[in-house]
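Q: Here is a sequence with its predicted model. Questions after.
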Amino acid sequence: MVIITGSTGIGAAAARVAAAGGARLLVATSDEMSGWELAAETGAECWTGDLRLPNAGDSVVAQCVARFGRVDGVFNVAGMSGRRFGDGPVHEVDDAGWEAAIEGNLTITFRMCRAAIGRMMVQAPGEDGSRGAIVNVSSVLVESPESQHFATHAYAAAKGGVEALTRSMAAQYAPLGIRVNCVAPGLAGTPAGERTQADPAMAEFLRKKQSLTGGVIAVEDIARAAMFLMGRSGRAITGEVLTIDGGWRFS
């Protein structure tokens, strides 16, 4: 019983990977059209609404429990760029840009984790002794910033917070059989990533910066890594940040 927040890009790829592996799914998304289409394709339950609302995480978990009886995994994909709200270099970021980036990335993840952990703590362990696993999404920009094209400091701060939250939760809940990990992608082939690469100068930059993939990273590569961390093969792993950057850090 796996919750995935997001119905396009990495979220959609993760739902397809999980469904192919036999997982029962709930897709939570603010995009009603893509959410229901993905649910029909994968056999998932669908929750639609504004994930930024304070009670959204509780509502998503309640629907999962009502349908499946428990929550075994959560992949917190939902996030956003705050650039259109005013994110940028710190001397240019206004309060609206800061708050939008923090809310749309760190706060959504926190509330979803809070709701999921609350349920996992009281449910019986599975056959492998696990009460559940969470995988959050950070960014390569946390540890390898890039000032020319990706100077969005509120976004980087939010994703850095996601990594700190991940490690703190991993330490807290490991004794209860709950694991928390994180993936930190480079620029992936999401709708936003594809639009970015449409600019010839950016496409050339990414070809060199992410040389292993020659451009954007396939969303399936990130989805498979997340499902590994969430699944039984990753049962001894917690508190890790797995960077999936196509060579970004070393270019």
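A: Arrived safely.
Q: Going by C-alpha atoms from here, please, whenever you check contacts or count neighbours.
A: Fine.
Q: What segments of this protein are strands?
A: For the chain, applying DSSP state E gives strands covering 2-5, 25-29, 45-48, 73-76, 132-137, 178-185, 241-244.
Q: For the ones you listed, please prepare CSV with the additional fields distance to S144.
A: Listed next are the strands of the chain as CSV, based on distance: least, Cα to Cα, whole Å:
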stretch, distance to S144
strand 2-5, 25
strand 25-29, 29
strand 45-48, 34
strand 73-76, 22
strand 132-137, 15
strand 178-185, 11
strand 241-244, 10
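Q: Pipe those into TSV and attach mean neighbour count, mean pLDDT and distance to V93 per row.
A: Supplementary listing: the strands of the chain in TSV, determined by neighbours: other Cα atoms under 10 Å; pLDDT from 0 to 100; distance: least, Cα to Cα, whole Å:
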stretch	mean neighbour count	mean pLDDT	distance to V93
strand 2-5	27	98	27
strand 25-29	28	98	28
strand 45-48	22	97	31
strand 73-76	26	98	26
strand 132-137	27	98	23
strand 178-185	26	98	23
strand 241-244	20	98	27
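Q: Contacts for the longest helix seen in the chain, please.
A: Ranked by number of residues, the top helix in the chain under DSSP state H is helix 153-173. Under the criterion Cα atoms under 8 Å, 6 or more residues apart in numbering, residues 81-82, 87-90, 93, 97-98, 101-102, 105-106, 109-110, 136-139, 141-142, 178-182, 238-241 lie in contact with helix 153-173.
Q: Out of the residues you listed, which end up buried?
A: 81-82, 87-88, 93, 97-98, 101-102, 105-106, 109-110, 136-139, 141-142, 178-182, 238-241 (16 or more other Cα atoms under 10 Å).
Q: In helices, which of the residues you listed appear?
A: Filtering those for helices - DSSP H - leaves G97, W98, A101, T109, F110.
Q: Okay, now the unreliable bits of the stretch 51-200 of the chain?
A: Low-confidence segments of the stretch 51-200 of the chain, defined by pLDDT under 70: 192-197.
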